[in-house]
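Q: Prediction below, plus the sequence it came from.
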Amino acid sequence: MLKHALVLLFAIYAYLPVYAQRDTTSGSAPPPDNGTHLRISLLTCGPGEEIYETFGHSAIRVIDSTKTGRQRDIVYNYGFLDSSPDNTVEHQFLTGRIQVYLATNTMEEFNYQYSHEKRGVEEAVFLLNSDDKRALVAALENNALRQNRYYEYSSAYDNCCTRILGIFFKVFGNRFVPGPTLPNGVKLPLRDFTDRCGPETIQHKYWFSTAMNILYGCRANKIATNRESMYIADYFQDGMTGATVDGRPLCSPKTTIFKDQMQWPDVPDEPLILFWTIAAITIAGLTVKRLALLGNIMSTLSLVFTGLIGCSIIYFWTIDAEPGWKDNFNVLWALPTNLLIPFCSSQIKSKYSIVALVLIGVSLIIHLLGIQTIPLHEVTPLMLKEIFVFGVMYRKAELGKSTARMSRA
C-alpha cells in the first residue's frame, strides 16, 4: 500500500510542474516572430476578355500560419479600379487620371474569379530568409493602408507589375537583381513588348491594337531596359523567376494552379477591312468620272475622319495620360486641320495639299529612320487614300486658278 501511495504522490508531483508551466505560458507574450510561419509567392495570371485584362495580371500571395480566417491566406492585388457615379472610369480615362488601388483578397476569392473566367494562374514561391519575408510583408501591409493604397495607373510605367517590382527594389535594394526577360543580345523598343505577347492576347482585339499603335509616340520607340520590359505579366514572371537576392535564386520553379482554358474567337481584322474599304471607295470616286460625286463625299468624310484621329493624338498627348503617348509623329499624316480644309477656298486647298503631302513623306522618313514606328499595317490604306485626296485637291485647285486666269483674259 505504501508503495502504491508513493508512486501516486510521485506522479502528482511530476504532473503539477508541467501543468503549472503550461498554464502560465498561455498568459504570456507570444514567441518571437522569426518569419518561418510566412509563405510568400508570386501569382501570374493569363489574359482575359476585357481590354484591361489583355496583358495578364500579377499579384503577391502571403500565407501566415499564425493567423486564422480571412487573414491566413491573402492576395495583395494591385490595380483595382476606383470609380464612382461622379468619377466614372470613362471620365478618368478622358482626363488621363485613372485611379486604382491595392486591394487585399482571400486566395479563395482570387481562385474563384480566375477559375470562373477560365484564366490560367501560375505560382512561384519566394525563397527568402525569415528577415526578408518579414520585411516584404511589412512593405505590402504598409502599401495596403488606406492612405497609401491609391495611385494613378499607367499601362507601362505604373501597373500591377511595376508596383511589385518597385517594392522589391525598395525592400532589398541592390541585393535584388531581376533575371533577363529576353534572350541575350535581343533588344526591343518598349512598344514591341505588347505585340510579342502572342495572338491569344492582342490579335483578336484589333480595334484596341490599332488605337494603341496609333497613340504610341516616339518615346515608346526607346529601347527598353530589362527592368522597363517587366511591365507585362509574362515578362515580369520571367524576370522574377530568374531573379536573385544576395546572389541566390529568388523563386522556386513555378507551378500551375489553374490551366488556361480561354477560347479566343477567330475574328477578322475589322479596322483593316474598314480602312481598305474607305480607301478603295474614295480612290474609285476620285478616278472614275461617273463616280465624281461619290469621290467628293468620300474625300470630305475621309478628311474629317483623319482629322478626328489627329485631334485624338493631340488630346492624349497634351493631357499627359501616358508617357508613351507623347511626341507622337502620327499627327503628321493625321493632321487635325483636315477637319477644316474641305470647307476652305481653292487657294488655301492648293497650298495645304502640298504641305500635307510633304508631311506624309516626312512621317515615312521618321519611320524608316527608326525615330518612331508608324503602324503601317493599320494606316497604309489611310495614307494611300490621303495621297489621292490631296493630289486631286491640288489638281482641281490649280485647274480652277487656270480657268479663272483664262476667263479674266
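A: Yep, that arrived. Residues are numbered from 1 along each chain as shown.

Q: remind me which residues of the stretch 151-300 of the chain are low pLDDT?
A: Where the stretch 151-300 of the chain drops to pLDDT under 70, the residues are 195-203.

Q: just so I have it, where are all the helices in it?
A: Remark: helices assigned in the stretch 151-300 of the chain by DSSP state H, counting those that start in this stretch are 160-172, 192-195, 206-215, 233-241, 270-287, 292-318.

Q: Against which helices or strands is the last one packed?
A: Just to be clear, that refers to helix 292-318. With contacts taken as 3 or more Cβ pairs under 8 Å, 6 or more residues apart in numbering; DSSP states H and E, helix 292-318 sits against helix 206-215, helix 270-287, helix 376-408. Bear in mind the C-beta positions are built from the backbone N, C-alpha and C, glycine included.

Q: how about the ones you listed, which one is nearest Lys170?
A: helix 206-215 (30.0 Å; Cβ to Cβ).

Q: For the closest one, buried residues please.
A: By neighbour count on 16 or more other Cβ atoms under 10 Å, the buried set for helix 206-215 is 206, 209-215.

Q: ok, now stretch 128-147?
A: 128, 132-133, 135-137, 139-140, 143-144.

Q: CSV for the helices and strands packed on helix 292-318, including distance to Phe316?
A: Converted to CSV, those look like this (distance: least, Cβ to Cβ, whole Å):
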stretch, distance to Phe316
helix 206-215, 6
helix 270-287, 18
helix 376-408, 17
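
Q: among those helices, which is nearest Cys251?
A: Per Cβ to Cβ, nearest to Cys251 of the helices and strands packed on helix 292-318: helix 206-215, 30.7 Å.

Q: neighbours around Gln113, how many?
A: 14 (other Cβ atoms under 10 Å).

Q: And for the host helix or strand of it, what's in contact with it?
A: In this structure, Gln113 sits in helix 107-116 according to DSSP states H and E. For helix 107-116, contacts defined as Cβ atoms under 8 Å, 6 or more residues apart in numbering pick out 43, 45, 59, 61, 63, 73-75, 77, 120-121, 257-258.

Q: Buried ones among the residues you listed?
A: The buried subset of these (16+ other Cβ under 10 Å) comprises 43, 45, 59, 61, 73-75, 77, 120-121, 257-258.

Q: coming back round to it: deepest in the core, which of the helices of the stretch 151-300 of the chain is it.
A: Of the helices of the stretch 151-300 of the chain, the one with the most neighbours on average (mean count of other Cβ atoms under 10 Å) is helix 233-241, at a mean of 23.

Q: any weak-confidence spans in the stretch 301-409 of the chain?
A: Using pLDDT under 70, the flagged stretches of the stretch 301-409 of the chain are 400-409.

Q: at 80 instead, please
A: 320-321, 397, 399-409 (pLDDT under 80).

Q: Which element is encountered next along the chain beyond the helix holding Gln113?
A: strand 121-125.

Q: who's in contact with the helix or strand following that following strand?
A: Sequence-wise, the next helix or strand downstream of strand 121-125 (DSSP H and E) is helix 130-143. Contacts to helix 130-143, defined as Cβ under 8 Å, 6+ apart, come from residues 33-36, 38, 40, 60, 62, 64, 76, 102, 126, 128, 148-149, 163, 167-168, 170-172, 245.
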